[in-house]
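# Provided below for reference: sequence and predicted model.
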Amino acid sequence: MSESLHISTNEGDLLKTCTECGVEKLLTAFHKKTHSQDGRYNECKECRRPKVRAITLMKTFGMTIEEYDIILAQQNGRCMICKTKRAFSNGGKFCVDHNWQCCGGGHGCEECIRGLLCQNCNTRLGWLETFWENIMDYLEHRPLRDLRALVSS
Ligand SMILES: [Zn+2]
Ligand SMILES: [Zn+2]
Ligand SMILES: [Zn+2]
């Protein structure tokens, strides 16, 4: 192994104090930011998380955290379909469900936002909507009867 590997500064060992919580943390505890002095945000990842969520929520659905919380409270903190109180998502937050046919996948407008759903229902609803016509057709025609008739004839 070459010596230069040990001499080079290891970014992971540098410390930085978070301007939000005031705790001194490893540089890796801060998100990367291209146009800043040390290439990192001044707030640690933990302190930035709610801000990132707020920005994403506003950008994607034009909704503030306050509005989200009010809607969730009106739903009694439950998923509108299966009524669970667990979000089943990584962040522990319910998904904002919207009609993909209106705005597409990554965005929803005031018109097409429907409610807050747990991750399970949100995923399944998307699947259901995609294949809705096929499903109805399938249920109505029960193709196995015809296929069987074909086989036995
Ligand atoms: Zn912090
Ligand atoms: Zn659900
Ligand atoms: Zn829309």
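That came through fine. Numbers count the residues shown, from 1 in each chain. Ligands and ions are numbered 1, 2, ... in the order given.

# State the distance from the residue nearest in space to the middle of the chain to M63.
The residue lying closest to the centre of the chain (C-alpha atoms, centre = their mean) is C95, at 6.8 Å. Going from C95 to M63 by C-beta to C-beta, to the nearest Å gives 12 Å. From N, CA and C alone the C-beta is placed, and that goes for glycine too.

# Next: E129.
21 Å.

# Who has more neighbours out of those two?
Between E129 and M63, counted using other C-beta atoms under 10 Å, the more crowded position is M63 (17 against 13).

# Who are the contact partners of the residue nearest to the centre of the chain?
87, 89, 116-119, 122 (C-beta atoms under 8 Å, 6 or more residues apart in numbering).

# So which of the residues you listed sit within strands?
In this view, the contacts of C95 that belong to strands under DSSP state E are 116-117.

# ranking the contacts of C95 by neighbours, who comes first?
L117 (26 neighbours).

# What about W100, how many residues nearby?
Neighbours around W100, by other C-beta under 10 Å: 16.

# W127 is in contact with that one, correct?
No: if you go by C-beta atoms under 8 Å, W100 and W127 don't touch, sitting 11.1 Å apart.
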